[in-house]
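Asker: Fold the following for me, if possible:
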Amino acid sequence: QVQLVESGGGLVQAGGSLRLSCAASGRTFSSYAMGWFRQAPGKEREFVAAINSNGKNTYYADSVKGRFTISRDNAKNTVYLQMNSLKPEDTAVYYCAAHPFVTRRGSWDYWGQGTQVTVSS
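Answerer: Numbering: from 1, shown residues only. A predicted model of the protein is given here:
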């Protein structure tokens, strides 16, 4: 069982930056791929970024490539999402997720409660 708690969301102006954090419980964090998904009002949840268990491979949605960076610290059981050059269309609830392997599909095993990110124009 893995429990995930996100933090770092908030309100930011377009062009600004935020860093999301996701703290995981359990001693098996380093064996899981970690990902970030987001869901805007009236839209389906979508893949944002993912990182494999050892942190050597990262994956991004085209819409955030070059602006967002995912990273992890296995010693701290934490995954991060650094978001730069934010746009109003990045406004959504952001969810952290854990799964045995990376997939862009939303069928990950464990999910956090979500953190709101709002980008004003």
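
Asker: Give me the local confidence score for residue 1.
Answerer: Listed pLDDT for residue 1 reads 84.

Asker: hang on, isn't it packed against residue 24?
Answerer: No. The pair residue 1 / residue 24 is not scored as a contact, 10.6 Å apart, by Cβ atoms under 8 Å. Where C-beta positions appear, they are placed from N, C-alpha and C, glycine not excepted.

Asker: More neighbours: which of the two?
Answerer: Neighbour count, other Cβ atoms under 10 Å: between residue 1 and residue 24, residue 24 has more, with 24 against 7.

Asker: Was I right to think the more buried one contacts residue 76?
Answerer: No. Using Cβ under 8 Å, residue 24 is not in contact with residue 76; the gap is 9.3 Å.

Asker: joint contacts of those two?
Answerer: Common contacts of residue 24 and residue 76 (Cβ atoms under 8 Å, 6 or more residues apart in numbering): none found.
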